[in-house]
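Asker: predicted structure and sequence below. I'll ask about it afterward.
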Amino acid sequence: MPKVWIDALTAKQALIAGILSSELRRRGYECIITAREYDYTVSVLKMMGEEAIAYGRYGISREEKAVYTLERELYLIKYFVRYGKPDVHISLTSPDATHVAFKLGIPSVLLSDTPHSVYVNPLTIPLAKIVIIPSFIPLATYKRISELPEYVRFNGVFELMWIKRLRPDVKDIKRMDLEPFKYVVIRTEEKHASYYHAKYSEPTSIRDIISYIVSKYSQEIKVVVFPRYDDQRMYLMKLAREIGNIIIPRDVINPVSLYSYAIFVLTGGATMAVEASLLGTPSIITFPKELHVVKFLKERGFPIFQLSLNDSLSLIEEIMTNHRKWRRDTRDAIKELEDPLPLIIEQIEKITSS
């Protein structure tokens with residue numbers, strides 16, 4: 001029985017791991033999922049019924065990132081030396097896992113949709129057996145990599161893997177004391193990511209957006225906020241005590257349920273906006289760098305917008321005035337996109353059968 005190792009460092013990667021491992025096991029593979037104790041990663045895996053070997057911390061400073069990465073690599077090496085090596089490693093360019101796989105002679109299948117990760121990509125992609133990249137991303141945007149290894153492309157986004165397989169259930173949001181179309185979802189920015197050069201001292205720049213929404217619409221809606229880091233969580237919990245009507249979940253729920261019944265989604269990253277727009281929910285990205293996925297989805301009729309924080313306020317007002325006007329029926333548009341799961345499985349099968 002071939003053994004596949006999937007590493008998940010973020011909530012998005014945990015969703016990929018959950019969907020992929022389920023399909024691989026159905027085909028007779030043994031799966032090992034490793035994860036890092038960061039953000040909602042382990043919570044997502046539990047939601048999907050997956051057990052993970054969770055070890056490692058998220059580093060804020062450059063020095064912390066270096067130390068925590070080495071600590072986690074050593075832990076993973078010792079684990080596989082003791083319990084046996086997998087036949088293939090797969091992750092969304094996890095530096096820890098890719099380095100361990102390379103050192104132990106384990107072939108890597110890497111998923112990549114973040115060419116702006118100019119520090120992570122050169123540390124991982126050249127070590128891959130094969131890389132899977134969405135077709136809308138120009139290969140020239142992978143800077144600092146002189147030559148890509150073998151790669152395959154698909155006409156879609158990785159988020160389709162769970163958007164097409166999970167189903168919305170109003171009971172999920174009611175467990176959070178939410179009612180359909182009586183709340184908005186906000187995700188803080190990736191302030192401590194290696195590629196995010198913040199020019200401000202506060203833990204999150206989205207505070208003003210949250211305060212504005214609560215002050216203007218507090219009688220009508222609740223604001224559900226997902227922080228990324230401990231400092232953001234503490235900062236926002238203090239804000240919630242001051243102004244009320246803010247929910248900061250400890251755990252996650254089915255994301256398809258959460259977005260399907262939201263008025264809109266606003267994120268300082270991209271994943272939540274991509275997910276929500278695929279479901280037809282208006283979505284705003286405040287990430288400060290160009291994201292090719294926005295153009296790709298917008299051209300196909302998905303309600304996704306990339307704006308500055310200031311420009312977001314005017315769009316929020318328009319959406320709040322008549323949110324149904326901004327929603328889209330995306331069922332036909334989704335059919336035109338390529339689900340990457342069969343392609344990922346195909347690459348794993350090629351490696352494990354050779």
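Answerer: That came in fine, so what should we check first? Numbers count the residues shown, from 1 in each chain.
Asker: and residue 32, that's in a strand?
Answerer: Yes - under DSSP: H, G, I helix; E, B strand; the rest coil, residue 32 sits within a strand.
Asker: nearest residue to it in space, please, no chain neighbours.
Answerer: residue 5 (4.8 Å; C-beta to C-beta, 6 or more residues apart in numbering). Every C-beta, even on glycine, is put in place using the N, C-alpha and C of the backbone.
Asker: tell me the bridge partners for the one you found.
Answerer: residue 32, residue 89 (DSSP bridges).
Asker: now the helices for the stretch 51-200 of the chain?
Answerer: In the stretch 51-200 of the chain, helices defined by DSSP state H, counting those that start in this stretch lie at 62-83, 95-104, 120-124, 160-163, 170-174, listed in chain order.
Asker: what segments of the chain are strands?
Answerer: Applying DSSP state E to the chain gives strands spanning 3-8, 30-35, 53-54, 88-91, 108-111, 130-134, 151-154, 183-187, 222-226, 246-247, 265-267, 283-285, 304-306.
Asker: what does the third one contact?
Answerer: So that's strand 53-54. The contact list for strand 53-54, computed with C-beta atoms under 8 Å, 6 or more residues apart in numbering, reads 32-37, 41-42, 79.
Asker: for those residues, which one is nearest residue 121?
Answerer: Nearest to residue 121, judged by C-beta to C-beta, of the contacts of strand 53-54 is residue 36 at 18.6 Å.
Asker: can you give me the neighbour number for that closest one?
Answerer: Residues near residue 36, counting by other C-beta atoms under 10 Å, number 24.
Asker: gap between stretch 32-51 and the chain center?
Answerer: Centroid displacement of stretch 32-51 relative to its chain, using C-alpha atoms, centre = their mean, to the nearest Å, is 13 Å.
Asker: which parts of that stretch are buried?
Answerer: 32-36, 38-48, 50 (16 or more other C-beta atoms under 10 Å).
Asker: same question for stretch 61-77.
Answerer: The neighbour-count check on stretch 61-77 (16+ other C-beta under 10 Å) flags 65, 68-69, 72-73, 76 as buried.
Asker: now swap in stretch 294-305 and tell me
Answerer: So for stretch 294-305, counting by 16+ other C-beta under 10 Å, buried means 294, 296-297, 302-305.
Asker: name the surrounding residues that touch that stretch.
Answerer: 134, 136, 157, 270, 273-274, 277-278, 280-285, 306, 315, 326-328, 330, 333, 336-337.
Asker: how long is that stretch end to end?
Answerer: 7 Å (C-alpha to C-alpha, to the nearest Å).
Asker: same thing with stretch 2-19?
Answerer: 18 Å.
Asker: report the residue ranges of every domain in this protein.
Answerer: 3-156+338-353, 170-335 (automatic domain parsing).
Asker: out of those domains, flag the one nearest residue 163.
Answerer: When those are compared (using C-beta to C-beta), the closest one is domain 170-335, at 4.8 Å.
Asker: and the nearest residue to residue 35 once chain neighbours are set aside, what does it touch?
Answerer: Among residues not flanking residue 35 along the chain, residue 52 sits closest, at 4.2 Å (C-beta to C-beta, 6+ apart). Residue 52 makes contact with 8, 14, 17, 33-35, 42, 45, according to C-beta under 8 Å, 6+ apart.
Asker: likewise for residue 108?
Answerer: 88-91, 97-98, 101-102, 124, 127-129.
Asker: low-confidence ranges in the stretch 1-150 of the chain?
Answerer: The stretch 1-150 of the chain contains no residues with pLDDT under 70.
Asker: one more: the stretch 201-350 of the chain?
Answerer: Scanning the stretch 201-350 of the chain for pLDDT under 70 picks out 201.
Asker: sorry, back to before: can you redo the domains of the chain as TSV with distance to residue 164?
Answerer: Listed next are these as TSV, based on distance: least, C-beta to C-beta, whole Å:
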stretch	distance to residue 164
domain 3-156+338-353	6
domain 170-335	7
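Asker: out of these, which gets nearest to residue 162?
Answerer: Going by C-beta to C-beta, the one of these nearest residue 162 is domain 3-156+338-353, 4.9 Å.
Asker: thinking again about what came up before, farthest-separated two in the buried residues of stretch 61-77?
Answerer: 65 and 76 (16.4 Å).
Asker: follow-up on the earlier one: reformat the helices of the stretch 51-200 of the chain as CSV; add distance to residue 148.
Answerer: Output for those, formatted as CSV (distance: least, C-beta to C-beta, whole Å):
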stretch, distance to residue 148
helix 62-83, 23
helix 95-104, 15
helix 120-124, 10
helix 160-163, 23
helix 170-174, 40
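Asker: looking at those helices, spot the one closest to residue 149.
Answerer: So among those, helix 120-124 is nearest, using C-beta to C-beta, at 10.4 Å.
Asker: list the helices and strands that closest one packs on?
Answerer: Applying 3 or more C-beta pairs under 8 Å, 6 or more residues apart in numbering; DSSP states H and E, one finds that helix 120-124 contacts helix 95-104.
Asker: kindly export the helix it packs on (C-alpha atoms) in PDB.
Answerer: Extracted as PDB, the C-alpha positions of helix 95-104 are listed here (Å, rounded to 0.1, in the frame of the first residue of the first chain):
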ATOM      1  CA  PRO A  95       9.500  24.700   3.300                       C
ATOM      2  CA  ASP A  96       9.700  22.300   6.300                       C
ATOM      3  CA  ALA A  97       8.200  19.300   4.600                       C
ATOM      4  CA  THR A  98      10.000  19.900   1.200                       C
ATOM      5  CA  HIS A  99      13.400  20.100   2.900                       C
ATOM      6  CA  VAL A 100      12.800  17.000   4.900                       C
ATOM      7  CA  ALA A 101      11.500  15.100   1.800                       C
ATOM      8  CA  PHE A 102      14.600  16.200  -0.200                       C
ATOM      9  CA  LYS A 103      17.000  15.100   2.600                       C
ATOM     10  CA  LEU A 104      15.300  11.700   3.000                       C
END
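Asker: all good on my end, thank you.
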